[in-house]
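*Asks:* dropping the sequence and predicted coords here.
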Amino acid sequence: MSELYEKSRLAKEACKALSLKTRGAKDAALLHMATALQEAKAAILQANSQDLAENSHLSKALQDRLRLTPERIDSMAQGLIEVANLPDPVGEEIQMTKRPNGLKIRKVRVPIGVIGMIYEARPNVTADAAALCLKSGNAVILRGGSEARHSNLAIAKVLQAALKETDIPADALQIIEDTDRAIVAELIRLREYIDLVIPRGGAGLIKFVSQNATVPVIETGVGNCHIYVDAEADLEMAKNIIVNGKCQRPGVCNALEKALIHEKVAAEFLPEMVKELQKRGVLVKGCPYARQFVPELTPAEMDDWATEYLDLIMAIRVVESLDDALTHIARYSTKHSEAIVTNNYFTAKRFTEEVDAAAVYVNASTRFTDGGEFGLGAEIGISTQKMHARGPMGLEELTTVKYVIEGEGQIR
């Protein structure tokens with residue numbers, strides 16, 4: 001039996017026992033795992049150094065996604081602690097009704113089952129996914145990308161060893177060591193054992209999984225994120241938000257990729273904003289109208305408007321109106337995170353009502369689209385679809401519902 005089938009079988013067997021564990025048992029396990037991560041910091045950093053050495057060809061932004069530091073490992077451990085401190089969604093009664101015939105009908109949260117997590121070049125996802133799945137009563141099968149292979153294995157082995165010292169079934173956490181792409185094609189069709197697949201990575205991975213899976217899929221993460229600077233914007237605020245959204249971590253899905261600038265403020269705003277971006281190493285592209293204000297901009301091609309750069313690149317378009325901005329966003333948005341900077345309440349209201357995205361911001365950076373920032377402790381991904389879960393996915397999004405019906409002999 002292949003590694004994938006054997007580990008999937010073990011995860012499925014562990015599922016039932018895990019779903020019955022108390023919050024106390026799960027929280028104790030998460031806290032123990034957090035301590036283990038911090039104690040294994042040196043080994044994890046050594047494994048990460050090997051990944052970085054083997055992937056020196058990656059862009060600086062993608063290397064940043066891959067890189068672990070002592071502070072980032074501390075953050076991973078803190079994420080486990082925060083998840084432990086969150087309420088347990090399993091067994092929560094969402095609704096209760098009593099029918100005229102006396103039947104009492106309760107709607108309660110229950111685990112989904114076995115989650116297949118497929119992700120690329122983000123070793124912190126190993127810990128985040130493990131924490132969220134275990135707390136919500138789900139077994140998890142982790143399949144990370146080849147770029148982070150050593151880091152993922154080091155983190156997973158620390159977590160698995162810690163789990164064996166707790167009351168939680170250790171087989172509920174599995175990692176597939178084989179990074180052959182063919183494994184993904186097998187995993188997403190393994191309906192016998194896997195209840196849900198969550199791909200987290202680039203557009204190619206998400207497209208492949210969503211088009212080829214027979215297991216249910218939640219699409220996450222592709223972020224062609226826009227910001228619209230309105231005619232009535234605070235321009236200093238807009239500049240700070242754009243610099244933060246593009247430059248803080250350009251290789252993540254909630255980073256800004258496109259800026260739409262109202263023509264009434266373009267002459268005043270664009271030269272200064274472009275200068276600030278270029279000082280930070282950003283390649284700034286522009287439409288013909290934008291290049292009238294800043295001639296040295298690199299011409300933006302048609303493909304640019306639909307591209308998620310994940311790098312220090314930004315494309316700018318000057319628009320004539322809010323309607324023009326809304327039309328552009330509707331055409332090119334990946335429905336992740338979109339933002340407006342304006343001091344006009346009615347303009348902001350229309351933007352938030354008409355933009356179709358998981359997260360819509362007024363006068364704030366799109367970099368806040370994150371489970372931790374939203375108070376979810378961590379996230380297993382940011383859903384850009386509309387079924388079941390949308391936006392940062394925390395504990396509640398990793399549960400489904402069960403109807404429990406209590407009667408006194410009623411028949412129909």
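*Replies:* Nice, I can see it.

*Asks:* neighbours around residue 155, how many?
*Replies:* Using other C-beta atoms under 10 Å, residue 155 has 30 neighbouring residues. Placement of C-beta: from N, CA and C, glycine included.

*Asks:* now it. Nearest residue, chain neighbours left out?
*Replies:* Nearest non-adjacent residue to residue 155, counting by C-beta to C-beta, 6 or more residues apart in numbering: residue 126, 4.4 Å away.

*Asks:* host element of that neighbour?
*Replies:* Here residue 126 sits within helix 124-135, counting by DSSP states H and E.

*Asks:* do the same with residue 78
*Replies:* Following DSSP H and E, one finds residue 78 within helix 70-85.

*Asks:* give the buried residues for that helix.
*Replies:* Buried residues in helix 70-85, defined by neighbour count with 16 or more other C-beta atoms under 10 Å: 73, 76, 77, 78, 79, 80, 81, 82, 83, 84.

*Asks:* tell me the contacts of the residue nearest to residue 155?
*Replies:* Neighbouring residues of residue 126 by C-beta atoms under 8 Å, 6 or more residues apart in numbering: 142, 144, 151, 152, 155, 156, 159, 175.

*Asks:* please list only the buried members of those.
*Replies:* Neighbour-count burial (16+ other C-beta under 10 Å) applied to the contacts of residue 126 gives 142, 144, 151, 152, 155, 156, 159, 175.

*Asks:* who's residue 391 bridged to?
*Replies:* residue 383 (DSSP bridges).

*Asks:* hmm, it is touching residue 382, no?
*Replies:* Yes - applying C-beta atoms under 8 Å as the test, residue 391 and residue 382 come out as touching, 6.2 Å apart.

*Asks:* who's more crowded, the two?
*Replies:* Of the pair residue 391 and residue 382, residue 382 is the one with more neighbours under other C-beta under 10 Å, namely 27 against 21.

*Asks:* next, the contact list for the more buried one, please.
*Replies:* Residue 382 touches 220, 221, 223, 253, 254, 336, 358, 369, 370, 391, 392, 393, counting by C-beta under 8 Å, 6+ apart.

*Asks:* for the third one, which three-state class applies?
*Replies:* Translated: residue 223. At residue 223 the chain is in coil, as set by DSSP: H, G, I helix; E, B strand; the rest coil.

*Asks:* that one contacts residue 338, correct?
*Replies:* No - when contacts are counted by C-beta under 8 Å, residue 223 is not listed as touching residue 338 (9.9 Å).

*Asks:* okay, the two: which has more neighbours?
*Replies:* Neighbour count, other C-beta under 10 Å: between residue 223 and residue 338, residue 338 has more, with 30 against 27.

*Asks:* now that one: which helix or strand?
*Replies:* Take DSSP H and E as the rule and residue 338 turns out to sit in strand 337-341.

*Asks:* any idea how far that strand is from the chain center?
*Replies:* Relative to the centre of its chain, strand 337-341 is centred 18 Å away, using C-alpha atoms, centre = their mean, to the nearest Å.

*Asks:* over to stretch 26-36?
*Replies:* Taking mean C-alpha positions (C-alpha atoms, centre = their mean), stretch 26-36 and its chain are 23 Å apart.

*Asks:* same thing with stretch 64-80?
*Replies:* Relative to its parent chain, stretch 64-80 has a centroid offset of 16 Å by C-alpha atoms, centre = their mean.

*Asks:* that older thread, restricted to strands, list the contacts of residue 126.
*Replies:* 142, 175 (DSSP state E).

*Asks:* need the contacts of residue 126 in CSV (columns: pLDDT and distance to residue 187).
*Replies:* Output for these, formatted as CSV (pLDDT from 0 to 100; distance: C-beta to C-beta, whole Å):
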residue, pLDDT, distance to residue 187
142, 97, 11
144, 94, 12
151, 97, 20
152, 97, 15
155, 98, 19
156, 97, 16
159, 97, 20
175, 96, 12
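
*Asks:* what's the closest of the contacts of residue 126 to residue 205?
*Replies:* residue 144 (11.5 Å; C-beta to C-beta).

*Asks:* got the contact list for the closest one?
*Replies:* If you count contacts by C-beta under 8 Å, 6+ apart, residue 144 has them with 119, 120, 122, 123, 125, 126, 152, 175, 179.

*Asks:* and of those residues, the nearest to residue 363?
*Replies:* Of all the contacts of residue 144, residue 363 sits closest to residue 122, with 28.8 Å by C-beta to C-beta.

*Asks:* nearest residue to that closest one other than its sequence neighbours?
*Replies:* residue 65 (5.7 Å).

*Asks:* with residue 187 instead?
*Replies:* The shortest distance from residue 187 to any non-neighbouring residue, by C-beta to C-beta, 6+ apart, is to residue 116 (5.3 Å).

*Asks:* what packs against the lowest-mean-pLDDT helix or strand in the chain?
*Replies:* Ranking every helix and strand in the chain by mean pLDDT, DSSP states H and E puts helix 60-66 at the bottom, with a mean of 86. If you count contacts as 3 or more C-beta pairs under 8 Å, 6 or more residues apart in numbering; DSSP states H and E, helix 60-66 packs onto helix 41-54.

*Asks:* quick revisit: the residue nearest to residue 187 belongs to a strand, doesn't it?
*Replies:* Yes - assignment of residue 116 by three-state DSSP places it within a strand.

*Asks:* output stretch 101-109 as CSV, restricted to C-alpha atoms.
*Replies:* Only the C-alpha atoms of stretch 101-109 are listed here, as CSV (Å, rounded to 0.1, in the frame of the first residue of the first chain):
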residue,chain,number,x,y,z
ASN,A,101,-45.9,17.9,16.7
GLY,A,102,-43.5,18.1,19.7
LEU,A,103,-40.3,17.2,17.9
LYS,A,104,-37.3,19.1,19.2
ILE,A,105,-34.9,19.9,16.4
ARG,A,106,-31.3,21.0,17.2
LYS,A,107,-28.7,22.1,14.7
VAL,A,108,-25.2,21.5,16.0
ARG,A,109,-21.6,21.9,14.8
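
*Asks:* what mean pLDDT does it have?
*Replies:* Stretch 101-109 carries an average pLDDT of 97.
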